[in-house]
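K.L.:
Sharing a model that was predicted from the sequence below.
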Amino acid sequence: MSRRPISKSSTPGPQGDSGRPPKRPRIDHLTPDSFRNGIFLAPMVRSGALPTRLMALKHGATLVWGPEMVDKAILHAEREVDPVTGVISYNGKTRAMFTTHPLEKPYLIYQIGSADPELAVQAAKTVLQDVSGVDLNCGCPKPFSTHAGMGAALLANPDLLCGILEALRRELPREISVSAKIRLLSTQEETKKLVERIARTGVNAITVHCRTRNMRPRERALVERLKEIVDFVHGLGLDVAIIQNGDCTGREDAKRIRDLTGADSVMIATAAESNPSCFSAAPLRDVESTFSPAYVRLCKYLDNHWASTKFCVAQFKGTRSEVSKTDAHELKSRIAKAKGYEDIEDIVGSWTGEEEFKEISRIVEARPPRISAEVEQGEEEEDIPPPCATPPDRPNPEPPTSGAPKVGLRMPMPAILTGSNMVSPTPTPGGMR
């Protein structure tokens with residue numbers, strides 16, 4: 001039975017005839033609470049393509065970050081919507097620079113590479129209608145980012161870093177979240193000083209990659225340093241979530257890291273690049289047969305550029321139980337040599353990418369509506385009716401000792417009337433206890 005939509009008609013008077021305040025709407029945008037108790041897909045150049053983000057959401061990622069986009073690049077892009085798939089492309093001269101889909105908008109954070117407050121704001125406003133948050137990259141140590149004063153170069157210029165964040169928070173609508181992703185500085189005191197400055201710019205969240213600028217991925221992340229920073233930020237009394245990044249291998253490992261550090265959430269990069277189903281409590285094994293074919297079918301349906309698809313599939317690897325190392329190597333070799341989707345039809349089978357997308361849509365759309373703790377508490381209070389009083393011109397119909405029901409108590413209402421749904425969606429994203 002389909003559920004009847006809730007009426008949006010206005011109630012007479014400031015509080016309606018019942019004397020109750022009007023019911024507050026559920027939150028349909030990100031709040032600081034959205035960055036808590038979660039497990040997130042990190043921003044990854046090339047690997048963080050739209051199909052990967054959708055697969056991550058399917059398998060339980062709470063939020064997903066898009067790959068870093070340099071501010072000037074997106075300013076000259078042309079926005080185009082595919083009338084069949086709904087894919088939104090920001091096209092450069094030869095191909096799309098950034099693609100997204102309305103399905104992921106409630107969970108999508110757009111990451112900007114910038115060293116200029118004005119350009120950062122312009123870039124954010126360019127994609128505003130298609131994202132839920134904007135993140136400033138302050139941690140990438142690669143030359144393509146740092147040579148222009150962006151990425152990790154901002155760590156040495158906190159005035160500029162905070163100036164960009166302040167401009168974004170000032171110029172963007174409140175419903176668009178603003179966040180930053182940084183790295184550890186050489187000492188705890190320096191790191192805490194920077195984190196405090198960032199936290200006071202009005203950001204919703206700060207992601208701390210637990211490596212310094214000079215450390216490389218093969219070096220162990222300094223996760224143990226984060227607890228002191230988390231405790232310090234919480235002690236400031238600011239409503240800012242702290243997200244850990246570095247060496248997390250999946251959902252279960254994220255629980256361990258949160259227990260160790262006190263971080264509000266955990267972000268995964270390398271493990272998700274290898275297996276986007278790592279966000280699930282039961283990640284897929286034998287990804288060469290259980291994940292890659294479906295991924296390629298989805299990519300073709302979404303018209304993902306073949307070079308991007310080939311690169312992402314080449315990164316996939318994981319635990320094997322039935323697929324041999326030889327078979328896995330053969331699959332990757334075939335894909336690496338392929339010139340286009342048509343060259344691997346015998347590997348992926350029927351081109352049922354639309355069905356793959358529908359399955360992702362069904363799972364993502366089954367997520368419970370986003371609601372903040374404040375609104376949730378307000379709704380609970382709302383369930384208690386206001387005190388009843390007999391009008392002064394009317395005698396009390398029942399004396400207090402007649403066994404009349406006590407004021408403030410009522411029978412529970414059927415679910416069909418309240419709109420509550422006790423069936424838990426599968427999989428349950430985000431909540432990490």
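P.N.:
Structure's in. What do you need?
K.L.:
Please count neighbours and contacts with C-alpha atoms only from this point.
P.N.:
Will do.
K.L.:
tally of neighbours for V64?
P.N.:
Each residue near V64 was counted by other C-alpha atoms under 10 Å, and the total is 27.
K.L.:
correct me, but it touches A42?
P.N.:
Yes. At 6.7 Å, V64 counts as touching A42 under the criterion of C-alpha atoms under 8 Å.
K.L.:
Just list the residues touching S361, thanks.
P.N.:
By C-alpha atoms under 8 Å, 6 or more residues apart in numbering, the contact list for S361 reads L103.
K.L.:
meant to ask about S280, not that
P.N.:
Per C-alpha under 8 Å, 6+ apart, neighbours of S280: 59-61, 250-251, 427.
K.L.:
Any regions of this structure where pLDDT drops low?
P.N.:
For the chain, the stretches flagged by pLDDT under 70 are 1-28, 371-433.
K.L.:
In CSV: the contacts of S280, plus neighbour count and distance to R53.
P.N.:
Shown next, in CSV, are the contacts of S280 (neighbours: other C-alpha atoms under 10 Å; distance: C-alpha to C-alpha, whole Å):
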residue, neighbour count, distance to R53
H59, 25, 10
G60, 27, 11
A61, 29, 9
G250, 24, 15
R251, 25, 16
P427, 16, 16
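K.L.:
and of these, the nearest to P293?
P.N.:
Closest approach between the contacts of S280 and P293, by C-alpha to C-alpha: H59, at 16.0 Å.
K.L.:
wait, that closest one sits on N275?
P.N.:
No. Between H59 and N275 there is no contact under C-alpha under 8 Å: 10.4 Å.
K.L.:
ok, for S177, nearest residue in space, not its chain neighbours?
P.N.:
G133 (4.3 Å; C-alpha to C-alpha, 6 or more residues apart in numbering).
K.L.:
burial of the one you found, as a residue count?
P.N.:
Neighbours of G133 (other C-alpha under 10 Å): 25.
K.L.:
For it, which residues are in contact?
P.N.:
Per C-alpha under 8 Å, 6+ apart, neighbours of G133: 30, 108-110, 176-179.
K.L.:
Turn those into a markdown table, columns for secondary structure.
P.N.:
Shown next, in a markdown table, are those (DSSP: H, G, I helix; E, B strand; the rest coil):
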| residue | secondary structure |
| --- | --- |
| L30 | coil |
| L108 | strand |
| I109 | strand |
| Y110 | strand |
| I176 | coil |
| S177 | strand |
| V178 | strand |
| S179 | strand |
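K.L.:
neighbour-wise, which of those leads?
P.N.:
Counting by other C-alpha under 10 Å, top hit in the contacts of G133: V178 with 29 neighbours.
K.L.:
That one contacts L165, correct?
P.N.:
Yes. The criterion here is C-alpha under 8 Å, and V178 meets it with L165 at 7.4 Å.
K.L.:
which residues do the two both contact?
P.N.:
136, 203.
K.L.:
just to revisit the earlier point, biggest separation within the contacts of S280, which pair?
P.N.:
G250 and P427 (15.1 Å).
K.L.:
now for the host helix or strand of I112, which elements pack on it?
P.N.:
For I112, the host element (DSSP states H and E) is strand 108-113. Strand 108-113 sits against strand 64-65, strand 69-70, helix 117-126, strand 133-137, with contacts defined as 3 or more C-alpha pairs under 8 Å, 6 or more residues apart in numbering; DSSP states H and E.
K.L.:
packing partners for the second one?
P.N.:
By that I understand strand 69-70. Partner elements for strand 69-70 (3+ C-alpha pairs under 8 Å, 6+ apart): strand 108-113.
K.L.:
Okay, now the sheet partners of the strand it packs on, with direction.
P.N.:
Sheet pairing of strand 108-113 (DSSP bridges) gives strand 64-65 (parallel), strand 69-70 (parallel), strand 133-137 (parallel).
K.L.:
Next, the angle from that strand to helix 117-126.
P.N.:
Going by axes from the mean of the first three to the mean of the last three C-alpha atoms, to 10 degrees, strand 108-113 is angled at 150 degrees with respect to helix 117-126.
K.L.:
Run through who's touching strand 108-113.
P.N.:
For strand 108-113, using C-alpha under 8 Å, 6+ apart, the contacting residues are 43, 63-71, 120, 123-124, 131-138, 145, 150-151.
K.L.:
L284 is nearest to which of the helices and strands packed on strand 108-113?
P.N.:
So among the helices and strands packed on strand 108-113, strand 64-65 is nearest, using C-alpha to C-alpha, at 19.3 Å.
K.L.:
Show residues contacting the closest one.
P.N.:
40-43, 48, 53, 56-57, 107-111.
K.L.:
could I get the helices and strands packed on strand 108-113 as TSV with distance to I88?
P.N.:
Putting the helices and strands packed on strand 108-113 into TSV (distance: least, C-alpha to C-alpha, whole Å) gives the following:
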stretch	distance to I88
strand 64-65	16
strand 69-70	16
helix 117-126	13
strand 133-137	17
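K.L.:
need the strands for the stretch 101-250 of the chain, in chain order.
P.N.:
With DSSP state E, counting those that start in this stretch as the criterion, the stretch 101-250 of the chain has strands at 108-113, 133-137, 177-184, 205-212, 241-245.
K.L.:
Can you tell me the number of residues neighbouring S114?
P.N.:
For S114, the tally of surrounding residues (other C-alpha under 10 Å) stands at 28.
K.L.:
Sorry, slip of the keys, the one I care about is K125.
P.N.:
For K125, the count of nearby residues is 17 (other C-alpha under 10 Å).
K.L.:
H29 versus that one, what's the distance?
P.N.:
Distance, K125 to H29, using C-alpha to C-alpha, to the nearest Å: 16 Å.
K.L.:
Same check on P67?
P.N.:
Remark: distance between P67 and H29 (C-alpha to C-alpha) = 21 Å.
K.L.:
In terms of neighbours, single out the busier of those two.
P.N.:
Regarding P67 and H29, a neighbour count based on other C-alpha under 10 Å identifies P67 as having more, with 22 against 19.
K.L.:
do you know how far the closest residue to F316 other than its chain neighbours is from D130?
P.N.:
Of all residues not flanking F316 in the chain, S274 sits nearest, at 4.2 Å (C-alpha to C-alpha, 6+ apart). Taking C-alpha to C-alpha as the measure, S274 and D130 are separated by 27 Å.
K.L.:
now G60
P.N.:
Where D130 is concerned, G60 sits at a distance of 21 Å (C-alpha to C-alpha).
K.L.:
same question, L161
P.N.:
24 Å.
K.L.:
And for E365?
P.N.:
From E365 to D130 the distance is 17 Å (C-alpha to C-alpha).
K.L.:
So these two - more neighbours on which side?
P.N.:
Neighbours around E365 and D130, counted as other C-alpha under 10 Å, are more numerous at D130. The numbers are 20 against 14.
K.L.:
from what I can see the more buried one touches L103, true?
P.N.:
No. Using C-alpha under 8 Å, D130 is not in contact with L103, being 10.0 Å away.
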